[in-house]
Structures are given as C-alpha cells and as structure tokens.
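Asks: Predicted model and sequence follow; I will ask about them next.
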Amino acid sequence: MQIDLTTGHEGRKIVRFSLPIFAGALIQQGFNTVDAWIVGNAIGVPGLAAVGISFPVMTLIAAILIGLGSGTEILVAQAIGRKDNEELRRVTDTLLTGILLTSLVLGLVGFLLTEKLLMLLQTPADVFADAAAYLKIIFIGLFGLAGYHTLNGMIRATGNSLVPLIFLGISAMINVVLDVIFVWVMEWGTAGAAWATILAQGMAFLACVIYTHRRLPEMKYHPFHLQWSGAAFQSGLRLGLPSSILQGSVSLGRMVIQALVNGFGGSAAAAYSLGMRLDSFASIPIINFGLAMTTFAGQNVGAGAYDRIRRGERFAIRVGWGICTFLLVIIWFFGESIAAWFIEDKRVVAMATNYLRYVSAGYFFASTYTIMHGVMKGTGNTVTPMWIMIFGNIVLRVALAAGLSPMMGIDGIWAAIPIGWFIAFLLTIGYSKRNPSHKVRQSEGK
C-alpha cells in the first residue's frame with residue numbers, strides 16, 4: 001500500500017510509513033543475530049571471529065552499491081512527488097542497470113583480492129581460512145544483494161514500505177532455515193552461513209522484480225528494452241556518489257578499527273563481531289527514521305511542501321530521543337545477559353558488554369544527526385552529510401582509536417565511537433543553523 005507523504009499530519013504519516021521499515025530492519029538484524037548465534041554456538045569463537053573480520057571487507061564493497069542505490073531512491077521519491085511516471089521509468093531503467101553491472105565488476109574484484117584484503121587486516125592465522133571462505137561466497141552473491149537493496153529502496157520511495165517488509169520476512173525465514181541446514185546439520189562452517197545469506201538475498205531480489213512487473217508498470221524493468229537517460233544517470237551519480245563515498249569510507253574506517261581490534265587477539269575480534277551485531281540491532285529505530293525522512297523529504301520537495309519537511313524533522317527527532325532513552329536503559333541493565341546468550345566465553349562477553357555500554361552513550365547524538373542527514377539527502381543535499389560523517393564519524397574515530405588503545409586497551413577503541421558521533425552531531429547542528437534546508441529550497445522554488 002502506497003502512502004502519499006505530501007498530505008495529512010506529518011507525524012502520523014511518518015510513523016505509518018516508518019513502522020514497516022522498522023519492522024523490516026528488525027527482521028534483517030534478527031536473522032543476522034540468529035546467524036551469529038548459530039555460528040557462535042555451532043563453531044565457537046573462531047567462527048564468530050571469522051565472520052566478524054569479514055564484515056568490514058564485505059560492507060566496503062556492498063556500501064558502494066547501496067550508496068549508489070540511495071541516489072536512485074531520492075530521484076524516485078521526487079518523481080513520485082511530481083507525479084512524473086515517464087521520469088520514473090527512465091530513472092529505474094538507467095540506474096538499476098548501472099548498479100547491477102557495477103556489482104558484477106566489484107564481485108569479481110573482491111573475489112580475486114580476498115586473501116590480500118584479509119592480510120591487510122592482520123587477520124589471525126587461526127581464523128584466516130574461514131574468513132576467506134566466507135568472503136569469497138559473499139562476493140559471488142553480490143549481484144543479488146545489489147539488486148535487492150536497489151529495488152527495495154525504489155519500492156519504498158513510492159510510499160510503499162509494507163511490500164519490502166513482506167519480501168524481507170520471507171527472505172529472513174529462508175536464511176535462518178538454510179543457516180540451520182548448512183551450518184549445524186551439514187557442518188559447512190562459516191561457508192554455510194555465507195551460502196545461506198546470498199541465497200536468501202537472491203530470492204528477495206527475485207521477489208522485488210516480480211512485484212514491480214505486476215504491480216508497478218511504470219517501474220517495470222526489462223534489460224532488453226531500456227529507456228536509458230544520460231540526465232538521469234548524471235543525477236543519480238550526483239546524488240548517489242556522496243553516499244557511496246561515505247559508505248565506503250565507513251567501511252574503510254571499520255577495516256582499520258578491525259585491524260586494531262585484531263591486535264588484541266581472537267577473543268577481542270569475536271567480542272567486536274558480537275558487539276557490532278547487537279549494536280546494529282539496537283540502532284534499527286535510529287537508522288530507519290533517517291531512511292524514512294529521506295523519502296518524506298524527497299516527496300515533499302517534489303510537491304513543493306517545504307514547511308512539512310521542517311515539522312516532520314522536529315517530530316522525528318523527538319521520537320528518536322525517546323527511543324534512545326529506552327535503549328540506554330536496556331543495554332546498561334541487561335547488556336551482559338544478552339551478550340552471554342550468544343557465547344559462553346566470559347572474556348568475550350565482558351568485552352562485548354563494555355563495547356555496548358560505550359556506544360549506547362552516544363545514541364542521542366547519532367539519532368539526531370541521522371534524522372537531519374536523512375532530511376538533507378531527501379532535499380538533494382547528499383554532499384554535506386558525507387563530509388560530516390567522513391570527518392566526525394570516520395577520520396576522528398580512527399585517530400582516537402589508534403591514540404587511546406595504547407593507554408586504555410580495547411576500551412580505548414570502544415570509547416572512540418561515541419566521541420566521533422558527538423563531533424558529527426556538533427557539525428550537523430552548526431551547518432543546519434547556517435543553512436536550513438527547508439528555507440534554502442523554499443527560496444529557490446519561488
């Protein structure tokens with residue numbers, strides 16, 4: 001069901017649109033968490049460490065594709081706001097084709113360079129083979145991941161956040177079932193977890209293709225009858241490249257952090273893997289409010305309804321703060337028990353718990369700038385969020401982690417994360433006070 005975000009009460013429309021996105025991300029992280037639980041219990045610390053070490057490398061490549069897809073999503077939302085179906089078809093054909101071709105190239109390059117990337121990360125010898133097997137399989141399935149995330153975002157940009165949720169739910173169930181079969185029953189190790197992931201994502205991509213063919217004829221994709229548009233391609237690159245650069249930089253930053261963590265041994269790598277997964281789970285509401293605000297702002301820019309953008313942003317920030325308060329309480333009082341559910345090693349549990357407590361202190365800052373960046377992107381400003389995040393959340397975080405870890409040990413790496421978020425928050429607030437997006441865009445439209 002599509003939702004017109006350009007009319008009606010802003011708060012109610014945002015919540016109604018956000019709930020399926022939130023539920024979808026919850027399912028996504030849910031099966032990621034189940035995957036970690038299966039790997040941690042069936043294989044143990046080496047398996048969990050191997051998957052964790054592979055994660056930054058995998059996301060570095062995937063982030064480039066997902067970032068390009070974000071440019072497509074913004075253009076789709078703006079075309080929907082203008083009710084321009086011809087432009088919608090050109091955007092779909094042009095940018096989906098470009099992203100799929102890019103995924104094939106990146107998948108091949110990643111497959112061939114897997115061992116070299118793992119060497120750069122100083123991967124411990126006892127988990128190197130498992131990490132390499134996991135990564136190579138993920139690179140084989142990169143085409144499905146790119147196609148799914150791109151089409152999923154395009155469907156969401158039409159105002160329909162429920163259908164992607166349904167597809168994701170089916171994919172998640174398949175992933176969990178295959179995890180049990182491949183990892184536990186057939187004992188394929190981390191390779192089994194990787195096969196389960198790419199098969200599930202491939203099925204989700206296929207479901208998105210079938211849906212658009214049957215329900216969204218203006219977005220029907222046929223590779224042999226393309227309506228290629230040079231203008232749409234340039235616009236997509238202009239909007240998507242900053243997100244790709246940002247996501248790629250985030251992944252590079254994670255790779256450096258992972259290398260620092262690896263220096264503390266396999267237990268630290270396992271704790272970081274577990275902590276990141278649980279943190280990703282807790283961050284779902286924050287991240288997905290940002291995604292919702294991109295579509296909300298995009299549709300309202302297309303409709304010229306700039307005051308709605310300002311009111312919607314304020315509402316989302318208030319809700320985000322309430323969610324962060326709840327998360328902070330849960331993590332500080334129950335974080336250790338949650339971590340212990342995944343693995344029995346007490347040292348790993350202790351390090352993962354400290355990680356969660358450090359990062360939860362920065363959730364309020366991350367929530368605010370994530371929502372504000374979502375609005376900026378929806379209005380067409382994808383460059384400013386890129387630079388803010390690269391400096392505050394990546395460069396500064398890496399520098400602090402490298403500087404604090406010799407003095408504080410592994411806790412120095414954990415502490416660098418919320419400090420980076422705080423700096424990104426200050427930079428975002430400072431920019432928005434001088435350049436409020438809704439006022440700038442409103443004056444341009446007159």
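Replies: All right, it came through fine.

Asks: I'd like the distance between residue 190 and residue 279.
Replies: 21 Å (C-beta to C-beta, to the nearest Å). Placement of C-beta: from N, CA and C, glycine included.

Asks: These two: which has the busier surroundings?
Replies: residue 190 (28 against 20; other C-beta atoms under 10 Å).

Asks: Show me what counts as buried in the longest helix belonging to the chain.
Replies: The longest helix of the chain (DSSP state H) is helix 45-82. Buried residues in helix 45-82, counted by 16 or more other C-beta atoms under 10 Å: 45-81.

Asks: those strands in the stretch 151-300 of the chain, which residues are they?
Replies: Taking DSSP state E, counting those that start in this stretch, the stretch 151-300 of the chain contains no strands at all.

Asks: Can you list the low-confidence ranges for it?
Replies: Applying pLDDT under 70 to the stretch 151-300 of the chain flags residues 251.

Asks: List the contacts of residue 155.
Replies: For residue 155, the contact set (C-beta atoms under 8 Å, 6 or more residues apart in numbering) comprises 163-164, 208, 211-212, 216, 219.

Asks: Which one of those is nearest to residue 367?
Replies: Distances from residue 367 to these, taken as C-beta to C-beta, are shortest for residue 164 (22.6 Å).

Asks: wait, doesn't the closest one sit right on residue 23?
Replies: No: using C-beta atoms under 8 Å, residue 164 is not in contact with residue 23, being 10.1 Å away.

Asks: between these two, which one's more packed in?
Replies: residue 164 (24 against 19).

Asks: Contacts only, for that one.
Replies: Residues in contact with residue 164, defined by C-beta under 8 Å, 6+ apart, are 20-21, 24, 152, 155-156, 208.

Asks: Just the buried residues of the residues you listed.
Replies: Neighbour-count burial within the contacts of residue 164 applies to 20-21, 24, 152, 155-156, 208; the criterion is 16+ other C-beta under 10 Å.

Asks: quick revisit: between all of the contacts of residue 155, which two are at the greatest distance?
Replies: 164 and 219 (13.2 Å).

Asks: Quickly note the distance from the residue lying closest to residue 188 once chain neighbours are set aside to residue 175.
Replies: Take residue 188 and drop its neighbours on the chain: the residue closest to it by C-beta to C-beta, 6 or more residues apart in numbering is residue 182, 4.7 Å away. Per C-beta to C-beta, residue 182 is found 10 Å from residue 175.

Asks: Could you pull out the residues contacting both of these two?
Replies: residue 196.

Asks: Can you pick out the residue with more neighbours from the two?
Replies: residue 175 (27 against 21).

Asks: I'd assumed residue 198 was in contact with that one.
Replies: No: Residue 175 is beyond contact range of residue 198, at 9.6 Å (criterion: C-beta under 8 Å).
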